[in-house]
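Trainee: 3D model of this:
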Amino acid sequence: QSQSRSQYQSESQFGSVPDLLSPQSHIIPLAPDTLTRIKPDRINEFIICTPEMTKEFVDWWLKTGYGRSKQNLNWDTSPTKRRADCWKGFQQVANTKDGKPGVMCKRCRTVLAHPATNHTGTSTMQKHLDGPRCRQRVPKQALQGTSSIHQLLSDAEQKLLDLITISHLLFLFIEHQEFHDLISYARLAPTLPNIPSRKVIRERLREFVKES
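Mentor: Numbers count the residues shown, from 1 in each chain. Here you go, the predicted structure:
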């Protein structure tokens, strides 16, 4: 009887322990390599919810602890669905470790709490954009407009267009999964990858054919 009583007490104590699988402690699967990652500081890494990869992003996020508890969070990246002008200065992100939602400033890369997870709405986002701290962290070139986020994106699109037209590539090339994987690999690399010469690539192809 004493053994049964001891076992009952042990089970009762175990049942009284709070749920350890909270959103913060939930172990989540690794996000696909096709999703864009960014490290605004040396500690935290976030995944960006880009317009072209929203579905893949949401599929991953719903498996996280925060995704399970906040399934109704709206990740729509369409500008027409966001009424406040301050959304133009932010990108929606989620922490890779626990899926915690946030919004990252495009100018200084500061990550704030997602307005859907607090009671302040977008007022915090607007205050950040209007505040002096954000401008102090932005390089002078960016403040002058020569290296703004929009200009960089425009230049990147122009370079991609030049690549397609000069090389006579199909526009379908942009949507190829291997191309997306290559971009993701370059972003994740600790240092800027070296572009091999055509001779090196040709030799790699010969080795691959021999091995296969």
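Trainee: Report pLDDT for the residue nearest the centre of the chain.
Mentor: Centroid check for the chain by Cα atoms, centre = their mean gives residue 47 as the closest residue, at 1.6 Å. pLDDT recorded at residue 47 is 91.
Trainee: One more: the one 5 residues further on?
Mentor: According to the per-residue confidence, residue 52 scores 85 in pLDDT.
Trainee: For residue 157, see how far away it is.
Mentor: For residue 52, the distance to residue 157 (Cβ to Cβ, to the nearest Å) stands at 13 Å. Where you see a C-beta, it was placed from the backbone N, CA and C, and this is true even at glycine.
Trainee: Look at those two and report which has more neighbours.
Mentor: A side-by-side neighbour count of residue 52 and residue 157, using other Cβ atoms under 10 Å, places residue 52 first with 13 against 10.
Trainee: and residue 104, which of the three is it?
Mentor: strand (DSSP: H, G, I helix; E, B strand; the rest coil).
Trainee: thinking it is in contact with residue 89, fair?
Mentor: No - between residue 104 and residue 89 no contact is recorded; they are 9.8 Å apart, counting by Cβ atoms under 8 Å.
Trainee: can you map out the strands along this structure?
Mentor: Secondary structure of the chain (DSSP state E): strands located at 37-38, 46-48, 90-95, 101-105, 111-113.
Trainee: Just name the most buried of these.
Mentor: strand 90-95 (a mean of 23; mean count of other Cβ atoms under 10 Å).
Trainee: Work out the sheet partners of that one and label each with its direction, please.
Mentor: If you go by DSSP bridges, strand 90-95 pairs up with strand 46-48 (antiparallel), strand 101-105 (antiparallel).
Trainee: Tabulate these in TSV, adding columns for distance to residue 211.
Mentor: Shown next, in TSV, are the strands paired with strand 90-95 (distance: least, Cβ to Cβ, whole Å):
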stretch	distance to residue 211
strand 46-48	35
strand 101-105	43
